[in-house]
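**Student:** just to be clear, the model below is a prediction. Sequence and coordinates:
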Amino acid sequence: MIQTEASGLRISVLASGSTGNVTYIETDQTKLLVDCGFSGKKAIEMLNKIDRRPEELDAILVTHEHTDHIKGVGILARKFDLDIYANEKTWQAMELKLGKLKVDQKHHFGKEKTLSIGDIDISSFGVSHDAVDPQFYTFQKNNKRFVMLTDTGYVSDRMRGLVKDADAYLFESNHDLSMLRMGRYPWSLKQRIIGDKGHLSNEDGALALAEIIGDNTKRIYLGHLSKENNIKEIAHQTVEDILLRKDTGVNEQFQLYDTDPSEPCPLFIL
């Protein structure tokens, strides 16, 4: 079959940051959200900005139970009768927070598993974060892959192998180390952020990306920036400088893109 633009994955990072996260992924047949860390009203506004409607959605996949990832999940699921996918421990941790749902809306999607929703193949993989059982996802259609990887304190060899050489990434660039160290957070919170179950710094994210990028890679979106401990321009420049030093082909073979905590990225096509 000849692939056309319309037949592939179309993706928008609706918002990414420490204040809330939600990503939209669609094909002609299937429309998904990954997480929804905003009110239902705000999420609907974001969808409208990319000319999409919540009643068209099929499902929401959840990465972990932190509020900046699940705040609007239950509201949207009830209002638009959406299926929700998460692993068993995450369900146990978030079910009361989501509110009343119908039994047939709840689906278990285990870690290190693969399933298909409509015409999108989705694989889950574990990350190292201070949630009960966090996992992120790769999405594939017509041999094109999009990987989401944020909310992790480090990127293990196993994780690198699972996500290597995807066509596009949403990748964590959470904090600038100098801003974090000099910032107003208490020391215990700073330790949590820089620890093995915290978040990737700009530098650590860039170094991990340098080992993951492949010939297929065309787009990298820098995500989950801290409101207090990062600035979009600093994150972009730091990652770009490291990838240039590593001779990865940044700005030639692939492009870096910024995300925003409240404004959607334009839909892109894989």
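**Tutor:** Arrived safely, thanks for sending.
**Student:** quick one, strands of this protein?
**Tutor:** 10-15, 22-26, 31-34, 59-61, 83-86, 106-108, 114-117, 120-126, 135-141, 144-149, 168-172, 219-223, 255-258, 268-269 (DSSP state E).
**Student:** most tightly packed of these?
**Tutor:** When you average the neighbours per residue for each of these (mean count of other CB atoms under 10 Å), strand 168-172 leads with a mean of 26. (C-beta placed from N, C-alpha, C; glycine too.)
**Student:** which secondary structure elements does that strand sit against?
**Tutor:** Under the contact definition 3 or more CB pairs under 8 Å, 6 or more residues apart in numbering; DSSP states H and E, strand 168-172 sits against strand 144-149, helix 202-212, strand 219-223.
**Student:** closest one to R78 among those?
**Tutor:** strand 144-149 (24.6 Å; CB to CB).
**Student:** could you tell me the average pLDDT over the closest one, please?
**Tutor:** The average pLDDT within strand 144-149 is 98.
**Student:** pairing partners for that strand, with directions?
**Tutor:** The sheet places strand 144-149 alongside strand 135-141 (antiparallel), strand 168-172 (parallel), with pairing taken from DSSP bridges.
**Student:** turn these into CSV, including mean pLDDT and distance to N216.
**Tutor:** Converted to CSV, the strands paired with strand 144-149 look like this (pLDDT from 0 to 100; distance: least, CB to CB, whole Å):
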stretch, mean pLDDT, distance to N216
strand 135-141, 98, 12
strand 168-172, 98, 9
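**Student:** can I get these in CSV with distance to I75?
**Tutor:** Shown next, in CSV, are the strands paired with strand 144-149 (distance: least, CB to CB, whole Å):
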stretch, distance to I75
strand 135-141, 22
strand 168-172, 23
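**Student:** so for stretch 82-91, what's the average pLDDT?
**Tutor:** 98.
**Student:** and what of stretch 101-121?
**Tutor:** Rounded mean pLDDT across stretch 101-121 is 97.
**Student:** ok now that stretch, how far from the chain's centre?
**Tutor:** Taking CA atoms, centre = their mean, to the nearest Å, one finds the center of stretch 101-121 at 17 Å from the center of the full chain.
**Student:** do the same with stretch 180-196
**Tutor:** For stretch 180-196, the distance to the chain centre is 22 Å (CA atoms, centre = their mean).
**Student:** can I get the helices and strands packed on strand 168-172 in JSON lines including distance to L115?
**Tutor:** Formatted as JSON lines, those follow (distance: least, CB to CB, whole Å):
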{"stretch": "strand 144-149", "distance to L115": "15"}
{"stretch": "helix 202-212", "distance to L115": "23"}
{"stretch": "strand 219-223", "distance to L115": "24"}
